[in-house]
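Participant: my questions concern the predicted model and sequence given below.
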There are 4 protein chains.
Amino acid sequence: MIKAGIIGATGYAGATLVYLLTKHQKTQLVYLSSHSYAGKSFSSIYPGMSSLHLILEEEDIHKAASLCDVVFLALPAGLAKNLITEEILKQTVIIDLGADYRLKNPQVYEQWYHKEAPQPAILAQAVYSLADLDTTRCTTTNLIANPGCYTTCSILTLAPLVKSGLIDSSSIVINAMSGVSGAGRKESTANLFCEVNAGSKAYGVTTHRHTPEIEAALSEIGKTNVMVQFTPHLVPMNRGILATCTARLKPEVTQDDVDQAYARLYNEAPFVNVLAKGLLPETRFTLGTNRIDIAYRIDERTRNIVAIGAIDNLVKGAAGQAVQNMNLRFSLDQTTGLDIDASNPL
Amino acid sequence: MIKAGIIGATGYAGATLVYLLTKHQKTQLVYLSSHSYAGKSFSSIYPGMSSLHLILEEEDIHKAASLCDVVFLALPAGLAKNLITEEILKQTVIIDLGADYRLKNPQVYEQWYHKEAPQPAILAQAVYSLADLDTTRCTTTNLIANPGCYTTCSILTLAPLVKSGLIDSSSIVINAMSGVSGAGRKESTANLFCEVNAGSKAYGVTTHRHTPEIEAALSEIGKTNVMVQFTPHLVPMNRGILATCTARLKPEVTQDDVDQAYARLYNEAPFVNVLAKGLLPETRFTLGTNRIDIAYRIDERTRNIVAIGAIDNLVKGAAGQAVQNMNLRFSLDQTTGLDIDASNPL
Amino acid sequence: MIKAGIIGATGYAGATLVYLLTKHQKTQLVYLSSHSYAGKSFSSIYPGMSSLHLILEEEDIHKAASLCDVVFLALPAGLAKNLITEEILKQTVIIDLGADYRLKNPQVYEQWYHKEAPQPAILAQAVYSLADLDTTRCTTTNLIANPGCYTTCSILTLAPLVKSGLIDSSSIVINAMSGVSGAGRKESTANLFCEVNAGSKAYGVTTHRHTPEIEAALSEIGKTNVMVQFTPHLVPMNRGILATCTARLKPEVTQDDVDQAYARLYNEAPFVNVLAKGLLPETRFTLGTNRIDIAYRIDERTRNIVAIGAIDNLVKGAAGQAVQNMNLRFSLDQTTGLDIDASNPL
Amino acid sequence: MIKAGIIGATGYAGATLVYLLTKHQKTQLVYLSSHSYAGKSFSSIYPGMSSLHLILEEEDIHKAASLCDVVFLALPAGLAKNLITEEILKQTVIIDLGADYRLKNPQVYEQWYHKEAPQPAILAQAVYSLADLDTTRCTTTNLIANPGCYTTCSILTLAPLVKSGLIDSSSIVINAMSGVSGAGRKESTANLFCEVNAGSKAYGVTTHRHTPEIEAALSEIGKTNVMVQFTPHLVPMNRGILATCTARLKPEVTQDDVDQAYARLYNEAPFVNVLAKGLLPETRFTLGTNRIDIAYRIDERTRNIVAIGAIDNLVKGAAGQAVQNMNLRFSLDQTTGLDIDASNPL
C-alpha cells in the first residue's frame, strides 16, 4: 500500500483527494492536515465522509514526509514553495496541486502571481505533468506540479490543433466557465450563495493566472510562441469547467486533418473522450470523473474552428489528475481508483 | 457473475441502477430496455456513461427473464403488475422499484393508486424488503418489492420510536422535501428548469401515494394501527430527500430511552448513520451513497420529538436499495458495490 | 414627501428596503448607513441599483433621527435596543425590522435570544404590527416592531383557524423552509454557494427564535395559550418562505367552517391571497411582492388540517411589510409602492 | 391609454410583457391570446399575476387588430409572418418579438431559419429597432421587428468599437451564455430541471440563428462587412445573458479612443450603463430591468479588447425592449414603465 498524506485536506480540492484516496485500492491515507480545523476529525468537517475518522493535524511537512510515500499539497498559491526543500524531496514524493511549481520561468511567475518565485534549485526538479499528453514525464521525479483546472481543460482541448500546426497560433481565444468550487472554500461575501446563485459573470479579464500556464504548455506543444486571450467566467453550479476555444484555421486545413489530429493524440488516452459527431460536451456528464469530453466544429463560413472541452474541475482539474500522476509515479495503471463514468442527474 | 437486466433503464432510477451495476464487481449487465429509446445505445442517452455501449431494447420481459438472473423493473406505477407472471417468477428474480407490489392490501392500493390491484397469487409472493430493518426477508423470494423514496426515509427515521412504543402513534406528522429527480424524467411543463428553480412548494397534500406505504410499515413495526399526516414538498435540487418527523412523546419517555431505541435498532445496520449529538442531517452529505443520516431532538417544552432523516432519493430511495436487496438475495455482503461515503461539494 | 433613513442598509433586508423606497412615490431616501461599507456609494455595493449614488454613512442614530421622518433599523438581534431612546422616539418614527422589540415579555426575550432585554420603558411603547391582521395598531406609535419572516408566514397562515377556535391549539406543527437570504449577508463558510447549493437541511430544531414570536401572536389571536413545534429548513434558493402548518381539527369542524374563517379574516386584506380550490402556494409566485398566498386541505382520514403559506422573505417577511407599516403610520394607502403581482420565471 | 394586445401571452417573453404592461401607467391590456391555454384566465397559468383575471383567447389577429392600438407578437419563428398582412398593418401597430422580420435579406433568413422568407411587401415595411442605438427609427412604422436577446446584448456591447472603426472587423469572437428561459416554455426533456441544473454547455455552435442578425446590424453600424464567430451557451439560471466579445484592436488604438467611443454612443442612452473602471457586469444586477451593463478591458499584451455586456434576456432582450419601442412609437418617454434598477439578491 502507498502511504499518502494531504496538506490542506479541508479545502475543496483537498477533500476531493481524501474521497478519491479513500476509495483507491492501493493507497492508505495516513496523514491529513488542515490549518483551520486542526484537532477535529475529517468527518466532522465533511460529514459525507461518515466513515473517515482520521484527525486533522496542524501542518507539518516534516512529519508528513516521514510518514508518507507521497504527500499531496492542496494550498493557496505561494504557500507550497515555502514548504518544499531538498531534504523533503529526498524523503517523499510531493504532488503539488497548487501553482508554485507550474511555471518554469520565474519572471513569469512573479509577474502573474505578484509573489517571489520558488527557489531555482527546487523549481528545476519540478515536473509539470499533464499525463494525458505524456504519461512518462512524472515517473521518476519527486516533485510533480499538477496542472490547474482551467489549464487542463484548455490545453487538452487545443493540443491536437497546436501540435499539428492546424491553427494560427496568434488567434486563440479561450472563454471558459467554472463552477463555484473553483473559488475555494474560504469565507468571502463574494461567494455566498445569494451573491452567486442566479447570475453569471466574467472575472480576471486579461489578468487570470492560468493564462501563462496555458501559453507555456501550448508553446511547448506547438514548438512556437503561443499567446492566448483567456477569459474565465463564474456560473451558478458547484463543479465543472467548460472551455470554448476559438481559433483561425490555416488555409487548406480540412475536417479530415482535424479529425486525424485529435485521433492521433488521444486514441490511447483513457481519460480523453473525443465525442462522436453531433455531440457537444456538457459539464454534468463529467461530474465525479477524471474524464475530459471534447468536441469541435469547423465553421467554413468564417474558417474558424470552435473546440470545446468539459471537465470536473475538482477531479480532472485537481484531485483526480493528482491521483493519475501518483498512479504513474508509483507504476500503477493510470486509471486505478479513478472513474471514467458519471451518474446523472447528479 | 450475476447476470442483470433492467426494464425502464433510461428513467432516473433506472439510469442510477445502470451506473451502480456497472461498478458492481459481482454483476454483469446483459439486458437494458427503454420504451422511449429502443435501438439507441445507453451512452447516447446518458453520455456520462461514456463506456457503456449496450443497446437499449424494446421491453420484453420474457427475453429479460431468459437472459438474466435478476431483472429490475423501474417503471411508472401500474405497469409492472402487467408484466409479472408465475412463469416469469420461475425463471428469474424480479426486483420491482415501482409501487405495484408494495401494498399487501389490494383495496388500499386501488384507493390510493386508482388502478386495479395486482393479481392476488402474484402479490402473495411479493416481499416488501426494507433491508435496513430486516436483512432476512428477501433472501428466498423471487419477487422483491423495493420501498419508495419518501417511505424509506420516513420509515427508517421513525422506526425506533414506533417499535419501542415511545410516541403517541396518532400524532405523527411527516414533512418531507425532495429533489426534482423524484418526479422522473418525463416531459412536462411543471418540471422545466424555469418552473422549478428558485421556488419551493408542497404537493399531493393529504393524497400522496407513499402515505399508505409508510402507514403499513410503521403499523407492522409498532404492532398497532399507525396513521400519519404526510406532506411532500419539491425543492430546487436534483437529488435528495429530507424527512422531518414530529410526534408526541409518551409521558415519562427520556432522552436515554430514545437513544437506546435508535442504538438497538441500528447499531448493526451499515447504511444507517445515527449522527453524533449536535449534528443534523443534510441531504448533500448522502449524495451518491446508500446511507441514511438520522438525528433527533426532544423538545422538553412541548414534549414532542423531532426526528430527521436524509437520503439520496435515487440511491437509498431507489437504485441503491435495490442493489442492497439483490446482494442479500444472492448471498453477497449487503454493502457490495454500494458507497457509504459522499464527495462534497457535489 | 416622507424623508426616510435606513440603518443597516447593505444587509439583504436593508437593501430590499432601499429598492422599495427608491420606487415609492411618497418617500425620499435621505440617509443610509452601513457599518461595513461606510464611505462608499450604495450603488458600488449593490450595482443593480445603478442610479442610486447616495453615500453610505457610519451609523449615527442621532443624525438619522434629525434628518428623517422615519428611520428603519435593519440590524442583527441585540443592536437596535442599544440605539433607541426616549429622545430618539420624540424626533422620528422608528420601524425596527429586527427582533428586539417584538416580544413583550422580557424573560422570553432573554431566554430565546440569550441577550439582555430592552429597557422596559421603551419596550412599552413598541407596537408589534402585523398589519394584515390589524391595520390600526401602528398608526400612532413612534416605535413599530416589524414581524419576522417565518413568523409572518406562519401567523397569517394559521390565524383564521386559531381565531375561530377550529383547531386543537396544542397540536400545531409548523415546518417551514426558507431561501438562503434569510441567513443574511455576513461572511460565513456555512452560507457559501457550494455549502448550500444542491442540499437541504433543518436547523435550529426546537430552538429557533421565531418560535416564541409565533406563540405570542397566536396566543393573543386565540385568546388562549398556544405552543407550537416550529422547525425551519434551509433550501437552495435565494428568496422565499413556505410554511406548512399541520393541526388537529376540533370535532365537527367542517370545510365550510374553515372556508368562512379564512374569508372573514382576509376578505379585505389586499396582500393576503387565499388561493382558489385546487391550487397550492409556491414561493416563486410571490417573489418581489408583499403578498402571501395561502391554501389549506382538510384530511378527513386523519382529521388534521394542513394549511400552507408562501411569501417572499425579504419583502413580505421584512422590507415590504415595513413599508406597509410606514404607509399606515403616515396615513397613506397601505399598498402604496408595494407590488401584489410577480413576474415569472424570476 | 394605449390599448394593447399580446399574441403568445403565456410563453416566457409574452408573460413578461403582460407583467410590464400591467404596471405601465399609459397602457391597458385588452387582449391576450394563448394557443395552449385558450379559455383559461391568465392568473391561472401565472399565479404570480394574482390580480390579472383576463381570459386567454384563441389566437385571432383580426380581433386583436380591431381592439388594440398595438399588438405584440411573442411567437416561435415562422408563425408571425403568416399573420401579418397589409390590412392588419393599416389597423394597428405590430411589434414582433420573434425573428421573422429582423433580417432584411430573405436569402439569409431562409438559409439560417430553414423556412420561407416573409412576403417582400410586408418585410419592406418592417423596421428593426434597437432603440438604444437610434430612437427615431421606429416612430412612424406600423411593423417593428424587436431584436433578439443574444443579439441585443452582443450588438450593444460591440457597437462603439465597430462604429468608430477601432477593431479588426474580421476578428470578432462572441461567447455568450444565457439562462434557461431563453429556451422557452415548451415541454422538452432537454429543459427539465434535472437535465439543466448543475451543468453548462455550448449549443448551436456555428449555426445559431442570431449570428446573421448580429452581423447585419454590425455591418450597418460599421459600414463594412462584419462576420462574427458566435457561440451561445446554456447555464443553470432562469434569466440573464452575458456576452463576452473579443476582438483585435487596430494598431495605435488607445484606451482613450475606446473610452470616447463608448461615451459618444451611450452618454444619452438611459438604458446603457457603461460601468465605472474596475467593475465588470454580472447578469444578476440587471434582473428585471431594461438596462444593459457594459465593461471592457484592453489587453496590451495581446492587443485584443475584451468587451462584456449583461442583460436580462426576458426584459432588455425581449419584453422590456418591446415596451421601449412601443413608448417611442407612441411618443412617450422611452423609459416609461421600465425599471433601470434591480433588487438583489433576486
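Facilitator: Right, received. Where do you want to start? A quick note: this is a predicted structure, and the numbers were derived from the prediction, not measured.
Participant: residue contacts, the closest residue to residue A:113 other than its chain neighbours?
Facilitator: In space, and not counting its chain neighbours, residue A:113 is closest to residue A:77: 5.7 Å by CB to CB, 6 or more residues apart in numbering or on different chains. The way it works is simple: take the backbone N, C-alpha and C, and place the C-beta from them, glycine included. Residues near residue A:77 by CB atoms under 8 Å, 6 or more residues apart in numbering or on different chains: A:98, A:99, A:100, A:113, A:115, A:209.
Participant: please name the nearest non-neighbouring residue to residue A:106.
Facilitator: The shortest distance from residue A:106 to any non-neighbouring residue, by CB to CB, 6+ apart, is to residue A:117 (3.3 Å).
Participant: can you select the buried ones among the contacts of residue A:77 for me in PyMOL?
Facilitator: Remark: buried members of the contacts of residue A:77, expressed as a PyMOL selection using 16 or more other CB atoms under 10 Å in any protein chain shown:
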select buried, chain A and resi 98+99+100+113+209
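Participant: redo the contacts of residue A:77 as JSON lines? Include pLDDT.
Facilitator: Output for these, formatted as JSON lines (pLDDT from 0 to 100):
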{"residue": "A:98", "pLDDT": "97"}
{"residue": "A:99", "pLDDT": "97"}
{"residue": "A:100", "pLDDT": "97"}
{"residue": "A:113", "pLDDT": "97"}
{"residue": "A:115", "pLDDT": "96"}
{"residue": "A:209", "pLDDT": "97"}
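Participant: can you list the contacts of residue A:77 in TSV and add distance to residue C:266 and secondary structure?
Facilitator: Converted to TSV, the contacts of residue A:77 look like this (distance: CB to CB, whole Å; DSSP: H, G, I helix; E, B strand; the rest coil):
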residue	distance to residue C:266	secondary structure
A:98	59	coil
A:99	60	coil
A:100	64	coil
A:113	61	helix
A:115	63	coil
A:209	58	coil
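Participant: could I get the contacts of residue A:77 as CSV with distance to residue C:108?
Facilitator: Listed next are the contacts of residue A:77 as CSV, based on distance: CB to CB, whole Å:
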residue, distance to residue C:108
A:98, 52
A:99, 54
A:100, 56
A:113, 55
A:115, 54
A:209, 54
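Participant: what about the residue nearest to residue A:113, which SS state?
Facilitator: What DSSP: H, G, I helix; E, B strand; the rest coil gives for residue A:77 is coil.
Participant: tell me the spacing between it and residue A:102.
Facilitator: 10 Å (CB to CB, to the nearest Å).
Participant: just residue A:170 next, same as before
Facilitator: The value you get for residue A:170 to residue A:102, if CB to CB is used, is 23 Å.
Participant: do residue A:212 as well
Facilitator: In terms of CB to CB, residue A:212 sits 9 Å off from residue A:102.
Participant: okay, and the common contacts of the two?
Facilitator: With CB under 8 Å, 6+ apart applied, the contact sets of residue A:212 and residue A:102 do not overlap.
Participant: next one, pLDDT for the residue minimising distance to the centre of chain A please.
Facilitator: The centroid of chain A falls nearest to residue A:317 when counting by CA atoms, centre = their mean (3.0 Å). Note on residue A:317: pLDDT of 98.
Participant: cool, the one 3 residues further on as well?
Facilitator: Turning to residue A:320, the model gives it a pLDDT of 98.
Participant: just to be sure, the residue nearest to the centre of chain A is in a helix?
Facilitator: Yes: under the criterion used here (three-state DSSP), residue A:317 sits inside a helix.
Participant: spatially nearest residue to it (excluding sequence neighbours)?
Facilitator: residue A:149 is the one closest to residue A:317 (CB to CB, 6+ apart), at 3.0 Å.
Participant: could you do residue A:342 as well?
Facilitator: Spatial nearest neighbour of residue A:342, chain neighbours left out: residue B:48 (3.3 Å); criterion: CB to CB, 6+ apart.
Participant: can you confirm that neighbour is in a strand?
Facilitator: No: with three-state DSSP as the criterion, residue B:48 is located in coil rather than a strand.
Participant: what residues does residue A:141 make contact with?
Facilitator: Listed by CB under 8 Å, 6+ apart, the contact partners of residue A:141 are A:125, A:126, A:127, A:329.
Participant: what about the residues you listed, which are in helices?
Facilitator: Filtering these for membership in helices, criterion DSSP state H, returns A:125, A:329.
Participant: could you turn the buried ones of the contacts of residue A:141 into a ChimeraX selection?
Facilitator: Remark: buried members of the contacts of residue A:141, expressed as a ChimeraX selection using 16+ other CB under 10 Å:
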select /A:126,127,329
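Participant: residue A:201 bridge partners, please.
Facilitator: Counting by DSSP bridges, residue A:201 is bridged to residue A:234, residue D:282.
Participant: got a list of contacts for the helix or strand harbouring residue A:44?
Facilitator: Using DSSP states H and E, residue A:44 maps to helix A:42-45. With CB under 8 Å, 6+ apart as the test, helix A:42-45 has contacts from A:9-10, A:18, A:32, A:34, A:37, A:49-56.
Participant: let's see 10 Å
Facilitator: Outside helix A:42-45, the residues that touch it by CB atoms under 10 Å, 6 or more residues apart in numbering or on different chains are A:6, A:9-10, A:14-15, A:18, A:22, A:29, A:32, A:34, A:36-37, A:49-56, A:185, B:276, B:278-279, B:285, B:341, B:344, C:189.
Participant: who's more crowded, residue A:170 and residue A:102?
Facilitator: Taking other CB atoms under 10 Å in any protein chain shown, residue A:170 and residue A:102 do not tie; residue A:102 has more neighbours (23 against 15).
Participant: where along chain A do the helices fall?
Facilitator: Listed in chain order, the helices of chain A (DSSP H) span residues A:12-23, A:42-45, A:61-67, A:86-91, A:106-113, A:120-125, A:149-163, A:193-196, A:210-222, A:255-266, A:320-329.
Participant: how much does the fifth one deviate in direction from helix A:210-222?
Facilitator: Note on geometry: by axes from the mean of the first three to the mean of the last three CA atoms, to 10 degrees, helix A:106-113 and helix A:210-222 are set 140 degrees apart in direction.
Participant: same thing with the longest one?
Facilitator: Here the directions of helix A:149-163 and helix A:210-222 differ by 30 degrees (the same axes, to 10 degrees).
Participant: roughly how far out does helix A:149-163 sit from the chain middle?
Facilitator: Distance of helix A:149-163 from the chain centroid (CA atoms, centre = their mean, to the nearest Å) equals 11 Å.
Participant: how about the nearest residue to the residue of the stretch 201-346 of chain A found nearest chain C, chain neighbours excluded?
Facilitator: The stretch 201-346 of chain A approaches chain C most closely through residue A:238 (5.1 Å), counting by CB to the nearest CB. Leaving aside its sequence neighbours, residue A:238 sits nearest to residue B:345 (CB to CB, 6+ apart; 4.5 Å).
Participant: could you report the pLDDT at residue A:59?
Facilitator: 96.
Participant: same question, residue A:126
Facilitator: The model's pLDDT for residue A:126 equals 98.
Participant: same check, this time on residue A:52
Facilitator: Per-residue pLDDT puts residue A:52 at 93.
Participant: cool, the one 4 residues further on as well?
Facilitator: Residue A:56 is assigned a predicted lDDT (pLDDT) of 98.
Participant: in contact with the nearest residue to it once chain neighbours are set aside, which residues?
Facilitator: Of all residues not flanking residue A:56 in the chain, residue A:34 sits nearest, at 4.2 Å (CB to CB, 6+ apart). Residue A:34 is in contact with A:6-11, A:14-15, A:40, A:42, A:45, A:55-59, A:74, counting by CB under 10 Å, 6+ apart.
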